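>>> quick one, fold the following:
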Amino acid sequence: MDDFDIGKVKEIGASGKAWMGYNSRNIADLLFEELEHAENSIQISSFSIGNDTDVLNRFFELLEKKLKDTTFEISMIVNNDGKKNSHNSFAQNKINELKHNYPEQFFAEFFNQTKIGNLHKTLHAKIIVIDGTTALVGSANLSKGALEASYEIMLKVTGTVAIDLSQMLHKLLNDIGKKIA
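Sure thing, here's the model as predicted:
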């Protein structure tokens, strides 16, 4: 059978005491290290964003620090379940503040959950793409619980798969803006 190679898993981030080790590292450390190393862009897809905690304040402060460079771009897509379960007023205010302060660099859309028959169409993907070449993919939402307590996994991947994920996020952001997603 031929090898199927669309990228490489470079690191595993994990949270949850029993998952430490096994060639993994602390999920929050992996996330923040990769965000810090971003040079041009960050693309984010998250089902939910947590409350006003030290972790989330650090996250939004880091995004704002990156946006001080006028050539840096950040796009963010967050699920919107209509009940404020996927994003709360803290997250909403932070996102709106960044949109207002950096309108040419920060692009955010909320994916409106809709019902199709008896199923709900949601954005459940948790993906962060750094500079279009490195992706963090896993189960963790952007919350203190996910990054510090729950059993979550985050894979750092590179190669064609990261480029494809970047293009997928870009298309979804555009389709949401056109109201065709």
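>>> buried ones in the worst-scoring helix or strand of the chain on mean pLDDT?
Across the helices and strands of the chain, mean pLDDT, DSSP states H and E gives its lowest value to strand 114-116, namely a mean of 79. Using 16 or more other C-beta atoms under 10 Å as the burial criterion, none of the residues of strand 114-116 qualify. Every residue, glycine included, has its C-beta placed from N, CA and C.
>>> count the neighbours of residue 34 for me.
22 (other C-beta atoms under 10 Å).
>>> average pLDDT across the helix or strand that contains it?
Using DSSP states H and E, the element containing residue 34 is helix 27-37. Per-residue pLDDT values across helix 27-37 average out to 97.
>>> and the helices in this structure?
27-37, 54-67, 89-101, 144-148, 160-177 (DSSP state H).
>>> give me the contacts around the last one.
By C-beta atoms under 8 Å, 6 or more residues apart in numbering, the list of residues contacting helix 160-177 from outside reads 6-7, 43, 45, 75, 77, 107, 109-111, 123, 127, 129, 132-135, 137, 181.
>>> any weak-confidence spans in the protein?
Low-confidence segments of the chain, defined by pLDDT under 70: 1-4, 84-86.
>>> what are the bridge partners for the nearest residue to residue 37 once chain neighbours are set aside, then?
Of all residues not flanking residue 37 in the chain, residue 130 sits nearest, at 7.0 Å (C-beta to C-beta, 6 or more residues apart in numbering). Counting by DSSP bridges, residue 130 forms beta bridges with residue 42, residue 134.
>>> so what's the residue count around residue 121?
Residues lying near residue 121 (other C-beta under 10 Å) number 13.
>>> quick check: beta-bridge partners of it?
With DSSP bridges as the rule, residue 121 is bridged to residue 114.
>>> wait, what's in contact with the residue nearest the centre of the chain?
With distances taken as C-alpha atoms, centre = their mean, the residue of the chain nearest its centroid is residue 44 (3.2 Å). Contact analysis of residue 44 by C-beta under 8 Å, 6+ apart lists 74-77, 127-128, 142.
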